[in-house]
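[1] Structure for this input, please:
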Amino acid sequence: MADFSRPELAISSPSGKKRRVLGEIQNTDHSFVKPMMINHGKKSLGVDHPRMDTISPKRKQSRPTGIPEPSSSSSSELVKVVSESNRRASQIPAPQVHTRKSDIHSKLASFKHRLDQGSKIIPDGKQEEGWNANESNQQNEDLSTRISLNQNLDNQAKDLQNRLYDLEQDNDDLRRLYKKLKHKILDIGAEIDILERKLRFKTDSTEKNLSNKRTLFEIDLQALKQKYDDEFNETKFQLEEEVKLSVEYKDELLSNEIESLKIEKERLQTALSDVKSEKQKRIKQENEALLKEVDDYLEVKTTQVENVASVYESRNNELETILDEVNAIQNKVKSKNQENDHLQKKIDEIEYNYNNFDDLKSQLLLNLKALETDLDEIRKENDQWELKYDDLKKIHNHSVEKIQNYNNHRRILENSIMDHEGKLRVYIKIPTSIAVSNDCEFSLNDRLFHFNKVFPNDISDHELIKEYTCLIKNTISNTNVSLILLGEQDSKSIITKTLLSSFDTFTERISSFKDKSWSFRFYLQSVRIDDNNCSDLLNSEKIISHSKFAVSLSELNSTKIEITNSIQLTQTLNNIYNSEYPIAYWINIDAQNNSKLKSFENDLIIIDLTGQTLKNQLRILSEDHIIDGPISKFVNYAYCHSKCLHISHLQSIDSDTEGLLRVFEIINATDTPYKRK
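    Okay, here's the model as predicted:
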């Protein structure tokens with residue numbers, strides 16, 4: 001008989017995982033009873049217990065049974081009933097503790113105790129042997145039952161462990177798939193955002209272009225309508241005046257004379273009718289007599305004329321044929337005479353040349369040699385002059401190039417120095433009567449004035465524009481630039497040239513960019529600045545609000561016209577007329593980089609104050625001129641939100657000019673609050 005005092009001989013001790021799983025099954029823990037469904041065709045765990053096989057969903061669909069599936073609410077009760085029935089069938093006492101190891105040890109201890117008590121009873125004879133045999137059979141049956149139960153439990157634990165491992169693997173796969181889908185959703189969302197931004201940008205640009213073209217069309221249509229309405233009204237007014245005058249015109253003398261003439265006309269008509277009737281009767285009688293005589297005379301003459309006409313026609317035909325022949329012969333004779341004269345001249349010329357051939361040949365050869373020598377000398381001189389011209393041209397071009405390079409470097413250096421100083425800039429054109437000390441100073445009435453640049457009065461607009469081209473180039477580098485035109489000058493020419501030169505400079509600068517992913521758009525805007533209002537000069541002088549204008553020109557809701565070439569810009573500027581009120585022109589630069597999702601927007605603004613008197617200009621620029629008007633807002637914008645340059649052209653010197661120069665000195669010494677972005 002086996003020694004059952006050692007628990008490891010009665011039943012093999014399961015591993016840690018098996019003990020934990022078996023303990024959970026014996027203690028009716030419901031962690032494996034809850035239904036767990038997995039997608040992608042995996043098996044699902046529904047209600048499970050030690051003696052119930054799982055059925056796959058495919059098998060359930062292929063072979064439906066009449067047994068209803070247990071609901072999730074009744075699964076725990078079903079597991080309890082099945083577990084209790086299995087325990088009673090295997091004759092295992094109810095568990096007292098919640099661990100599998102302690103349960104087995106308690107069972108083995110109770111079994112050993114019963115064996116020890118049985119070994120103390122010693123029966124007599126056959127009764128003792130029968131009792132021992134029954135007891136040993138009973139013990140063997142209990143042992144085989146326990147071994148088979150342990151094997152079943154081990155198999156079920158392995159099955160559950162394998163299922164748990166499969167579920168963990170499926171859970172990991174689902175987590176990885178969830179992360180991949182999450183990343184893919186984020187990528188798709190980013191692409192959708194980029195496409196939405198592109199679509200929004202294209203939509204906005206298309207709407208802007210459409211609105212600009214519609215505005216231009218409406219401006220042209222309004223101008224034509226106004227023109228034809230004026231012509232129609234003027235013509236209508238003239239015709240109405242003429243009709244009114246013609247209707248109202250009355251002359252009494254003329255009307256009396258007309259009445260008398262009408263009476264005289266009636267009298268003469270009656271007399272004429274009487275005389276006419278008498279004359280008609282007499283003429284009729286005489287006419288009848290004459291007709292008879294004429295008929296008789298005509299009959300005789302008609303026969304004679306017919307005879308003569310037939311003879312005349314025949315002779316005339318003969319004459320025409322003869323004249324045609326004579327004309328043909330005369331033409332032939334004339335042509336022959338001309339040919340003979342031409343041939344005779346040629347013959348005479350040939351005879352003369354033949355007789356004097358040697359002399360002519362020698363003379364022509366001498367003339368040819370003289371001409372060849374003269375030609376060679378002229379060619380040599382020409383070659384020498386061409387070499388000298390080429391050398392001088394090279395020297396001149398080199399000198400011009402050096403001067404241009406020097407001027408360019410000088411302008412770049414001066415612009416950098418002005419940027420470093422951070423002051424408001426002032427350029428002055430002074431009359432020729434004033435002595436200039438250098439390009440930055442001049443003296444007037446024993447006083448020395450110092451500015452950024454001082455130019456003579458005869459400097460051209462082209463050279464003047466070159467002096468501040470370096471400043472204008474900053475606009476394409478994310479910087480606002482303002483030009484304030486002052487003094488006494490015709491500003492329309494220099495404004496047009498400045499804007500055209502700036503546009504050409506922008507396009508040239510953009511073409512030299514290494515990063516070709518940037519796209520630039522240029523828009524022209526212009527407003528007239530009255531005392532209290534702003535008028536849109538590109539939209540029929542429509543009044544626009546300036547109450548919100550403080551920091552950016554985009555706060556003014558004025559019309560924008562996209563500029564694509566210099567010709568369009570020139571035509572648009574020519575349609576804007578000069579005014580005694582200040583006018584502001586500005587080019588808005590809209591830069592976009594879709595690949596890097598970057599953008600910036602800058603303005604080049606020109607404020608024209610030359611239509612104002614010098615006193616008004618002094619009043620606008622003076623420090624004590626503090627009002628909340630539109631012109632002050634534009635000047636404050638130029639000072640505070642851009643690099644500002646004052647350009648003044650002084651044609652004469654008086655008290656107002658000296659006051660303006662003193663204000664310019666104060667401005668030139670003022671630090672600009674605008675800093676580079």
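[2] wait, what's in contact with the residue nearest to the spatial centre of the chain?
    Computing the C-alpha centroid of the chain and ranking residues by C-alpha atoms, centre = their mean puts S205 first, at 4.7 Å. Residues in contact with S205 (C-beta atoms under 8 Å, 6 or more residues apart in numbering) are R521. (Glycine included, C-beta is placed from N, CA and C.)
[3] what's the spacing between it and S519?
    10 Å (C-beta to C-beta, to the nearest Å).
[4] ditto for I620
    Taken as C-beta to C-beta, the span from I620 to S519 is 38 Å.
[5] ok, now I607?
    Distance, I607 to S519, using C-beta to C-beta: 29 Å.
[6] which stretches of the stretch 501-650 of the chain have low pLDDT?
    The stretch 501-650 of the chain contains residues with pLDDT under 70 at 514, 623-628.
[7] Now the helix or strand K336 falls within: average pLDDT?
    In this assignment (DSSP states H and E), K336 forms part of helix 252-355. Across helix 252-355, pLDDT averages out at 83.
[8] same deal with stretch 399-413?
    On average, the pLDDT along stretch 399-413 is 93.
[9] Quick check: buried residues in it?
    R411 (16 or more other C-beta atoms under 10 Å).
[10] Could you export it as CSV, CA atoms only?
    The C-alpha coordinates for stretch 399-413 follow below in CSV (Å, rounded to 0.1, in the frame of the first residue of the first chain):
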residue,chain,number,x,y,z
SER,A,399,35.4,104.1,-64.6
VAL,A,400,31.6,104.2,-64.8
GLU,A,401,31.5,100.7,-63.2
LYS,A,402,33.9,101.8,-60.5
ILE,A,403,31.8,104.9,-59.8
GLN,A,404,28.6,102.9,-59.7
ASN,A,405,30.2,100.4,-57.4
TYR,A,406,31.5,103.2,-55.2
ASN,A,407,28.1,104.9,-55.1
ASN,A,408,26.3,101.6,-54.4
HIS,A,409,28.7,100.8,-51.6
ARG,A,410,28.4,104.4,-50.3
ARG,A,411,24.6,104.2,-50.3
ILE,A,412,24.6,100.8,-48.6
LEU,A,413,27.1,102.1,-45.9
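[11] Distance from it to the middle of the chain?
    Offset of stretch 399-413 from its chain centre (C-alpha atoms, centre = their mean, to the nearest Å): 36 Å.
[12] isn't S566 right next to L500, touching?
    Yes: S566 lies in contact with L500 (C-beta atoms under 8 Å); the separation is 5.5 Å.
[13] Look up phi and psi at the closest residue to K208 other than its chain neighbours.
    Counting by C-beta to C-beta, 6 or more residues apart in numbering, K208 lies nearest to K560, which is 6.8 Å off, once chain neighbours are set aside. Dihedral angles of K560 (phi, psi; degrees, to the nearest 10) stand at phi -110, psi 130.
[14] now do P456
    Dihedral angles phi and psi of P456 (degrees, to the nearest 10) take the values phi -70, psi 170.
[15] Run a quick neighbour tally on it.
    Applying other C-beta atoms under 10 Å, we find 13 residues neighbouring P456.
[16] which residues sit in contact with it?
    The neighbourhood of P456, defined by C-beta under 8 Å, 6+ apart, consists of 429-430, 432, 436.
[17] before we move on, what about S652?
    431, 488.
[18] For Q592, see how far away the nearest residue to I434 once chain neighbours are set aside is.
    Nearest residue to I434, sequence neighbours excluded (C-beta to C-beta, 6+ apart): F442, at 5.5 Å. From F442 across to Q592, the span is 46 Å (C-beta to C-beta).
[19] go on, E658?
    As judged by C-beta to C-beta, E658 and Q592 stand 49 Å apart.
[20] The two: which has the busier surroundings?
    For E658 versus Q592, neighbours defined as other C-beta under 10 Å are more numerous around Q592 (18 against 15).
[21] Which residue ranges of the stretch 101-250 of the chain form strands?
    Secondary structure of the stretch 101-250 of the chain (DSSP state E, counting those that start in this stretch): no strands located.
[22] quick one: low-confidence ranges for it?
    Within the stretch 101-250 of the chain, the ranges that satisfy pLDDT under 70 run 101-132, 246-247, 249-250.
[23] Mind doing that once more with 80?
    Across the stretch 101-250 of the chain, the ranges flagged by pLDDT under 80 are 101-139, 242-250.
[24] Break the protein down into its structural domains.
    Following automatic domain parsing, the chain resolves into domains at 7-59+71-183, 422-668.
[25] mind giving me JSON lines with those and columns for distance to L366?
    Putting those into JSON lines (distance: least, C-beta to C-beta, whole Å) gives the following:
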{"stretch": "domain 7-59+71-183", "distance to L366": "102"}
{"stretch": "domain 422-668", "distance to L366": "58"}
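[26] what's the most buried one of the ones you listed?
    Burial of the domains of the chain is given as mean neighbour count (mean count of other C-beta atoms under 10 Å); domain 422-668 ranks first at a mean of 17.
[27] From the opening residue of that domain to its closing one, how far?
    End-to-end distance for domain 422-668: 10 Å, by C-alpha to C-alpha, to the nearest Å.
[28] what do you get for stretch 444-454?
    Across stretch 444-454, the terminal residues are separated by 13 Å (C-alpha to C-alpha).
[29] And the pLDDT for E467?
    For E467, the predicted pLDDT is 92.
[30] Surely it and K453 touch.
    Yes: if you go by C-beta under 8 Å, E467 and K453 touch, sitting 6.2 Å apart.
[31] Now for these two: what residues contact both?
    In contact with both E467 and K453: Y427, using C-beta under 8 Å, 6+ apart.
[32] which neighbours does the helix or strand containing E601 have in its sheet, and in what orientation?
    If you go by DSSP H and E, E601 is part of strand 598-608. Taking DSSP bridges as the criterion, strand 598-608 pairs within the sheet with strand 481-487 (parallel), strand 583-593 (antiparallel).
[33] who does the following helix or strand past the first one touch, helix- and strand-wise?
    In this case it means strand 481-487. Next helix or strand after strand 481-487 toward the C-terminus (DSSP H and E): helix 491-511. Contacts defined by 3 or more C-beta pairs under 8 Å, 6 or more residues apart in numbering; DSSP states H and E place helix 491-511 against helix 461-467, helix 469-473, strand 481-487, strand 518-529, helix 566-574, strand 583-593, strand 598-608.
[34] what angle separates helix 491-511 from strand 518-529?
    170 degrees (axes from the mean of the first three to the mean of the last three C-alpha atoms, to 10 degrees).
[35] residues in contact with helix 491-511?
    With contact meaning C-beta under 8 Å, 6+ apart, helix 491-511 is reached by 461-462, 464-465, 469, 472-473, 475-476, 483, 485, 518, 520, 522, 524, 563, 566, 569-570, 573-574, 578, 585, 587, 589, 604, 606, 608, 610-611.
[36] swap in stretch 529-544?
    With C-beta under 8 Å, 6+ apart as the test, stretch 529-544 has contacts from 215, 219, 222, 524-528, 545-546, 556-559, 561, 572, 576, 581-584, 629-631, 634.
[37] Show me which of the contacts of P456 is closest to Y674.
    Nearest to Y674 out of the contacts of P456 is K429 (C-beta to C-beta; 25.0 Å).
[38] mind listing what the closest one touches?
    By C-beta under 8 Å, 6+ apart, the neighbours of K429 are 455-457, 459, 464, 487, 489, 647-650.
[39] Mind telling me what element C644 is part of?
    strand 643-649.
[40] what helices or strands is the strand or helix carrying the residue nearest to I434 leaning on?
    When elements are assigned from DSSP H and E, F442 belongs to strand 441-443. Contacts defined by 3+ C-beta pairs under 8 Å, 6+ apart place strand 441-443 against strand 448-450.
[41] who's in contact with the strand it packs on?
    For strand 448-450, contacts defined as C-beta under 8 Å, 6+ apart pick out 428, 437, 440-443, 661, 664-665, 668.
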